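**Q** my questions concern the predicted model and sequence given below.
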Amino acid sequence: MPRTPNPTDVMVGTRIRKRRKDLNMSQSALGAALGVSFQQIQKYEKGVNRITASKLKMAATVLGVPTSYFLDKVEHANGGFADTDQSALDPETGDIARLVNAMERIADPDTRRSLIELAEKLAVSSRRE
C-alpha cells in the first residue's frame with residue numbers, strides 16, 4: 001500500500017516548485033545545484049520524498065529566498081495556508097538563482113571557471129572595503 005505524503009512535505013515541495021518556476025529554473029538546474037537528479041527534485045516537489053534540512057537550506061540559497069520561505073505559513077480555519085514572510089517576495093532575492101541559471105548556460109568549461117574565479121576575487125575585495 002503506497003504511503004500518503006505528509007502534508008508538510010507536500011507544502012514544502014509546492015513552495016520549492018513555485019519558486020523554481022518563478023525563476024524559470026529547470027528541475028535539472030536545481031538538481032545540479034543541490035547535487036541530486038531532476039527525478040529527486042520531482043519527488044521533493046510532490047512531497048513523495050522528504051528534503052533534508054541541509055538540502056532545504058541549500059535550495060533556499062540557490063532559489064534566493066530565506067529558508068523560512070518554505071515553512072513560514074499560518075494555517076487558516078479552512079485548512080489553507082497564507083504567507084507570513086513577505087521578505088521572500090523581495091525581487092532582489094533571486095540573484096543567486098539567476099547566476100546559477102546563467103552559469104548553467106555557459107557551455108565552455110574554461111569560461112565557467114574564469115567567471116567563478118572572477119566572482120571569488122570580487123567577493124574577497126568587497127570584504128576588504
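**A** Noted; the coordinates are in hand. Residues are numbered from 1 along each chain as shown.
**Q** need the strands for the chain, in chain order.
**A** Assignment of strands within the chain using DSSP state E yields the ranges 73-75, 81-83.
**Q** point out where the chain drops to low pLDDT.
**A** Across the chain, the stretches falling below the confidence threshold (pLDDT under 70) are 1-2, 72-98, 100-101, 126-129.
**Q** need the residues that contact the helix ranked longest in the chain.
**A** Longest among the helix segments of the chain by residue count, using DSSP state H, is helix 109-128. With contact meaning CB atoms under 8 Å, 6 or more residues apart in numbering, helix 109-128 is reached by Leu99, Met103, Ile106. C-beta: built from backbone N, CA, C; applies to glycine.
**Q** next one: the residue lying closest to the last one once chain neighbours are set aside from Arg3, what distance?
**A** This points to Ile106. Residue nearest to Ile106 in three dimensions, not counting chain neighbours: Arg112, with 4.8 Å by CB to CB, 6 or more residues apart in numbering. Shown here: Arg112 relative to Arg3, a distance of 41 Å by CB to CB, to the nearest Å.
**Q** from the chain's centroid, how far away is stretch 23-38?
**A** Once both centres are worked out by CA atoms, centre = their mean, to the nearest Å, stretch 23-38 turns out to sit 8 Å from its chain's centre.
**Q** now the end-to-end length of it.
**A** End-to-end distance of stretch 23-38: 16 Å, with CA to CA, to the nearest Å as the criterion.
**Q** pretty sure Val12 is touching Leu71, no?
**A** Yes - under the criterion of CB atoms under 8 Å, Val12 makes contact with Leu71 at 6.8 Å.
**Q** look at these two and report which has more neighbours.
**A** Set side by side, Val12 and Leu71 show more neighbours around Val12, with 22 against 14, by other CB atoms under 10 Å.
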